[in-house]
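Asker: Pasting a predicted model and its sequence here:
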Amino acid sequence: MTKGKKLKTGEKIDLWMTTCSEVVGHNLAPLFEFWGLPLTDAAKAVVSELSPYFPDDITTREYGPKHAAVILEKYPSAVRVPEKDPDTVPDLDELLRVRQKEPEAEQGTTEPEDAASEDGTEEEEEPVDHTVSDYDCENAGSPE
């Protein structure tokens, strides 16, 4: 891709699918097709060596079972991972706390669980804002 070149919508979808597929190590073409996103044959060829992935979740089971059946016919070897039980899915805030501590652990320094300030009082963690603004959505993918 040339810097500064404006991609057409189809090219963006192809790039999105191929990049995501390479990152997760699975061919995500079945999932993109399920969503109704058009893919070129060239993009499908780029990820054809990766094993196809198609989720086994409420959307594919209950809201689009006929469409899912058509997709699975095209990709019979698709890896299907069932949706996790909500009681076993870790809390997002806990995952973020663990992720924030990982770089410290790599350097060999860890902070105690209950961090106290120099005067001995406990410091409270700032809440993490997970909301996405309209600005974020409107400007996603636009050149800066």
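Answerer: In hand now; what should we look at? Please read these numbers as outputs of a predicted model, since none were measured by experiment.

Asker: L28 is in contact with C20, correct?
Answerer: Yes. Judged on C-beta atoms under 8 Å, C20 makes contact with L28 at a distance of 5.4 Å. Bear in mind the C-beta positions are built from the backbone N, C-alpha and C, glycine included.

Asker: Of the two, give the one with the bigger neighbour count.
Answerer: For C20 versus L28, the count of surrounding residues by other C-beta atoms under 10 Å is larger for L28: 24 against 14.

Asker: Excluding residues flanking it in the chain, which one is nearest the more buried one?
Answerer: Spatial nearest neighbour of L28, excluding adjacent residues (C-beta to C-beta, 6 or more residues apart in numbering): S21 at 4.6 Å.

Asker: quick one: contacts for the one you found?
Answerer: S21 makes contact with 27-29, 46-47, 50 under the criterion C-beta atoms under 8 Å, 6 or more residues apart in numbering.

Asker: Tell me how many other residues surround W16.
Answerer: W16 has 16 neighbouring residues, counting by other C-beta under 10 Å.

Asker: could you measure L72 against C20, distance?
Answerer: L72 is 20 Å from C20, where distance means C-beta to C-beta, to the nearest Å.

Asker: Now the residue nearest to L28: phi and psi?
Answerer: Here is the backbone geometry of S21 (degrees, to the nearest 10): phi -60, psi -40.

Asker: From what I see, A43 and W16 are in contact.
Answerer: No. Contact criterion C-beta under 8 Å: A43 and W16 do not qualify, at 9.4 Å.

Asker: residues in contact with the nearest residue to D14 once chain neighbours are set aside?
Answerer: Nearest-residue entry for D14: A43, 3.7 Å, with adjacent residues in sequence omitted and distances by C-beta to C-beta, 6+ apart. Listed by C-beta under 8 Å, 6+ apart, the contact set of A43 reads 13-14, 17-18, 29.
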